[in-house]
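Enquirer: What would the 3D arrangement of this be:
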Amino acid sequence: MPSQFSAIGFHVSSGEDLAALASQVAERADTIDAAEGQYLKWAPPSGEQLWLQVRRNGDALGMNPHFGGKSVVRAVLEARVTRPSHTPLDGTFLAWANPPADGSPGGDYPFAFDCPDAATVAGDLPALVTLQVAAFAQQLTVHANEAAFAADQAAQGMSFGVHAFIPSGLISPSGEPVVPPEPHALFSGVVREAEERHNSVTGEPFWWALVDTLGGTVDVVIDPTLIQNAVQPGQVVAGWFWLSARVRRPGDEGAGRGGWFGKLIGRRG
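Expert: Predicted coordinates:
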């Protein structure tokens, strides 16, 4: 099955692969301070991102992928979600998409997402924010147009709309709540923009699509092994996705450059 890394052109199959990748990008990363340490953000123009985590004492904690794109989802952050596997710089949020304009509770649907810079999200919750959401395809089908999607739904005896979103990370197939919530979703939507990108480290191709779905637009990234042909505007995509999102805010691209390779491997820079 495609992974979060292969969806943006990295082929990682072991801890050694992760360590080598972290070492390769660390000196080109921007540094972002947080209370528990620092993030090293590697973000080339092709969109793929790696967020390395470093403690104040120089120890490496982990690394998370993300994709920086055009997605806009208006949301209310309801709560932070903690998992046993989380480092102090990891974070997952529970949110409502497209909440009512009058400030009343709820929205189009609840969902959970991982946040690569969660420790920089300050303030009390709930909080109204604008998110940039990246959906990493784990399973995917592509339909030529809305009519083809509707015909496929009818053939399967299903009735999901073209713009549909099911927070599968919150509810199990049996209807029981998932505890703790997971950053996964099943959704469908119409492709507004699409482009083949190439990973700036490996040169490997991957696909990006801006998808209009229920609640807003989402940046979908796709391992090429999941598709047979080019993704094009007007098509309908549907599938199962891992969700990573960041809060959009002015000036969040600014940070100091480089010099953190030593910290990453446990030496003072």
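Enquirer: can you pull the buried residues of the strand or helix carrying Val211?
Expert: In this assignment (DSSP states H and E), Val211 forms part of strand 205-213. The neighbour-count check on strand 205-213 (16 or more other Cβ atoms under 10 Å) flags 206-213 as buried. The way it works is simple: take the backbone N, C-alpha and C, and place the C-beta from them, glycine included.
Enquirer: how about TSV for those, with distance to Gly103 and pLDDT added?
Expert: Listed next are the buried residues of strand 205-213 as TSV, based on distance: Cβ to Cβ, whole Å; pLDDT from 0 to 100:
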residue	distance to Gly103	pLDDT
Phe206	39	97
Trp207	38	98
Trp208	34	98
Ala209	33	98
Leu210	29	98
Val211	28	98
Asp212	25	98
Thr213	24	98
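Enquirer: Identify, from those residues, the entry nearest to Asn57.
Expert: Phe206 (35.2 Å; Cβ to Cβ).
Enquirer: Looking at strand pairing, list the partners for the closest one.
Expert: For Phe206, the beta-bridge assignment (DSSP bridges) gives partners Arg197.
Enquirer: The nearest residue to Asp152 once chain neighbours are set aside: neighbouring residues, count only.
Expert: Using Cβ to Cβ, 6 or more residues apart in numbering and skipping the chain neighbours, the partner closest in space to Asp152 is His143 (6.1 Å). For His143, the neighbour count with other Cβ atoms under 10 Å is 20.
Enquirer: Distance of His143 relative to Gly215?
Expert: Using Cβ to Cβ, to the nearest Å, His143 is found at 20 Å from Gly215.
Enquirer: and what of Ile8?
Expert: 23 Å.
Enquirer: Go ahead and confirm Gly9 touches Trp207.
Expert: No. Using Cβ atoms under 8 Å, Gly9 is not in contact with Trp207; the gap is 10.0 Å.
Enquirer: Find the residues that touch each one of those two.
Expert: Counting by Cβ atoms under 8 Å, 6 or more residues apart in numbering, the common neighbours of Gly9 and Trp207 are Arg197.
Enquirer: What residues sit buried inside the helix or strand Ala20 falls within?
Expert: Using DSSP H and E, Ala20 sits in helix 15-26. For helix 15-26, the neighbour count (16+ other Cβ under 10 Å) marks 18, 21-22, 25-26 as buried.
Enquirer: just stretch 91-100 next, same as before
Expert: 91-99.
Enquirer: Tell me which entries of these lie within helices.
Expert: Judged by DSSP state H, the subset of the buried residues of stretch 91-100 located in helices is empty.
Enquirer: Looking at those residues, which one is closest to Pro2?
Expert: Distances from Pro2 to the buried residues of stretch 91-100, taken by Cβ to Cβ, are shortest for Thr92, at 20.9 Å.
Enquirer: separation between the closest one and Ala164?
Expert: 23 Å.
Enquirer: cool, Arg56 as well?
Expert: Applying Cβ to Cβ, the value for Arg56 to Ala164 is 44 Å.
Enquirer: How about Pro44?
Expert: Remark: distance between Pro44 and Ala164 (Cβ to Cβ) = 33 Å.
Enquirer: any low-confidence regions in the stretch 51-200 of the chain?
Expert: Residues of the stretch 51-200 of the chain meeting the criterion pLDDT under 70: none.
Enquirer: Where do the strands of it begin and end?
Expert: Assigned by DSSP state E, counting those that start in this stretch, the strands in the stretch 51-200 of the chain fall at 60-67, 73-81, 92-97, 109-114, 127-143, 164-166, 184-198.
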